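Peer 1: Got a sequence here, can you model it:
(chains A and B)
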Amino acid sequence: MSSDLKDLYQEVVLEHSKRPRNFRVVEGATCAAEGYNPLCGDQLSVTLKLEDGVIRDIGFQGQGCAISKASASLMTGAVKDKTREEAEALFERVHTLVTEGPDKVDVESLGKLAVLSGVSEFPARVKCASLAWHTLHAALDGRSTSVSTE
Amino acid sequence: MSGPGFDLARVRADFPILRQEVRGRPLVYLDSAATGQKPQAMLDALTRFYTHDNANVHRGVHILSERATQAFEDARETVRRFIHAKDVREVIFVRGTTEAINLVAATYGRKHVGPGDEVLISAMEHHSNIVPWQMVCDAAGAKLRVIPVDDRGELRMDAVDALLTEKTRLLAITHVSNALGSVNPIKELVAKAHAKNIPVLVDGAQSVTHFPVDVQDLGCDFYAFSGHKLFGPTGIGVLYGKLSMLESLPPYQGGGDMILSVTMEKTVYNRVPHRFEAGTPDMAGAVGLAAAIRYLEALGMENVSQHDQWLLAYATDALQSVPGLKLVGTAPRKTGVLSFTLEDVHPHDVGTILDQEGICIRTGHHCAQPLMQRFGVAATARASLALYNTREDVDALVKGLHKVKEVFA
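Peer 2: Here you go, the predicted model:
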């Protein structure tokens, strides 16, 4: 396997795509949004419970490739118990990571999310990696309309 | 099944793009249903037109305009011959299949589809043969009806008679499914529709590239296809329409060249086909398309079809040897399109890993989302064959798929 491909499909990514965490609908969710990637027809929903500005619980459902599933799974773990602002700031850093690469961001601060660094070598897959995050953003924004990566 | 009725190595040599390496490996191009690669003869025709003949058509009195007009109208005749239209006026140059269908929607649809009427399509249509009809139906208060497909991806002919009613104003149907490869029995459908005086539009985007098409034999009223899939340039396509039908339709876009005379009070529209070709047309595109058609004619469309069936049979067997691979679309009559899913691996991941091996396939919903829903998948991986593909290309694909399985083991 090429080293780029190895970076993209790291063990952690494959593991999360096969056994996604928080793959469920949050009961009594205060925020929800649907995300679509019109390029491939992938669809993903995020539900979360926001209390006093803190994400107390979050889940996702839907179908997608290994990258989009792993990204969504890792995201739910990363933003739980974070404030809305912290989650948004994390989204910014993840976005920089997948679009511009690991040199452009403080990778240490990303924890497990650093495994998404390989995506930056595959421009066609950036939308897959960011779909869950765009959907989270829409859910936090309280927008009822669906979001699209286009 | 015998091999291609032409020298495959020589054909490959005619397509300069195939000579390159990508990602350090020989290019394996299996995405011709998305767009076809271009033979040198086509590229030369484009260069020749722009180098020697370029001028606007139907306007100038000078030599270049004469030559450009001649080349453009010769291209129309080449298209007529290729699809066996009766009259050269039945060939309208448009941007592509999508515009051809939109032209019919905007003219025939606006004139004939009213409240309570129905437009009949099939479950295997490309979005470009769904959305324009949804728009027509929404505007008119009409209803879109859909012929179902069975589990193999074959049109449910038993459902057609009941769906063709006195309310049906048009049957708009694809000749070949871009996502499944299924070939629809157009002649039979036309006979059924015409028995009830219902005209038929055929989306030929995926058929003209694979086998000979005779619009008179099919009997259809409209036939639409794109130049770029037919190994010609992008931005040019054709709408064939029966002359009597075209002459009964209102104009499409307004502008130059589609008029006989204009006063501020009134416009007299030009004759068919110019009535439907407002503005400066894609002259070089038409010339390039004609060159691509001449290239295909020299090979012989029967031979192209034979190659397609030969390679499809080989590829179908080869792919089915990959554990966990499921073909979506196994109609008895199909062309060289292999849509598949691979166990738990999402098509996008298949596509990315194959790409690293220099293999180009398409992944996604193929602009046929309702069809994907019919088969319960969000997307498939699709390898599509053309006249320049070889058994070695198929072998590379199979090898690449084993690699995909390794990554996801």
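
Peer 1: which parts of stretch A:112-131 are buried?
Peer 2: A:113-120, A:122, A:125-131 (16 or more other Cβ atoms under 10 Å in any protein chain shown). Every C-beta, even on glycine, is put in place using the N, C-alpha and C of the backbone.

Peer 1: So is it next to chain B?
Peer 2: Yes. Using Cβ under 8 Å from any Cβ of the partner chain, stretch A:112-131 reaches chain B at A:122, A:124-125, A:128.

Peer 1: ok, back up a step: farthest pair within the buried residues of stretch A:112-131?
Peer 2: Comparing all pairs in the buried residues of stretch A:112-131 by Cβ to Cβ, the longest separation belongs to A:A114 and A:K127, at 19.7 Å.

Peer 1: picking up where we left off before, among the buried residues of stretch A:112-131, name the ones in strands.
Peer 2: Among these, none falls in strands (DSSP state E).

Peer 1: so which of those residues comes closest to B:P26?
Peer 2: A:F122 (21.4 Å).

Peer 1: how many other residues sit next to B:R10?
Peer 2: 9 (other Cβ atoms under 10 Å in any protein chain shown).

Peer 1: which bits of chain A sit near chain B?
Peer 2: A:1-2, A:4-5, A:8-9, A:14, A:18, A:39-43, A:63-67, A:69, A:122, A:124-125, A:128.

Peer 1: which of those count as buried?
Peer 2: Buried, going by 16+ other Cβ under 10 Å: A:5, A:8-9, A:14, A:39-43, A:64-67, A:69, A:122, A:125, A:128, out of the residues of chain A next to chain B.

Peer 1: Now stretch B:252-270: buried residues?
Peer 2: B:252, B:257-259, B:269-270.

Peer 1: Nearest to chain A among these?
Peer 2: Nearest to chain A, judged by Cβ to the nearest Cβ, of those is B:Y252 at 27.9 Å.

Peer 1: where do the helices sit along chain A?
Peer 2: A:3-8, A:11-18, A:66-79, A:84-100, A:126-141 (DSSP state H).

Peer 1: Present those helices as CSV; the columns should include mean pLDDT.
Peer 2: Output for the helices of chain A, formatted as CSV (pLDDT from 0 to 100):
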stretch, mean pLDDT
helix A:3-8, 88
helix A:11-18, 94
helix A:66-79, 96
helix A:84-100, 95
helix A:126-141, 94
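
Peer 1: Make a markdown table from these and add distance to B:K242 to it.
Peer 2: As requested, these are exported to a markdown table (distance: least, Cβ to Cβ, whole Å):
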| stretch | distance to B:K242 |
| --- | --- |
| helix A:3-8 | 53 |
| helix A:11-18 | 53 |
| helix A:66-79 | 48 |
| helix A:84-100 | 52 |
| helix A:126-141 | 44 |
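
Peer 1: For B:L18, find the nearest of those.
Peer 2: Using Cβ to Cβ, the helices of chain A put helix A:3-8 closest to B:L18, at 24.1 Å.

Peer 1: and that closest one, what does it pack onto?
Peer 2: helix B:347-356 (3 or more Cβ pairs under 8 Å, 6 or more residues apart in numbering or on different chains; DSSP states H and E).
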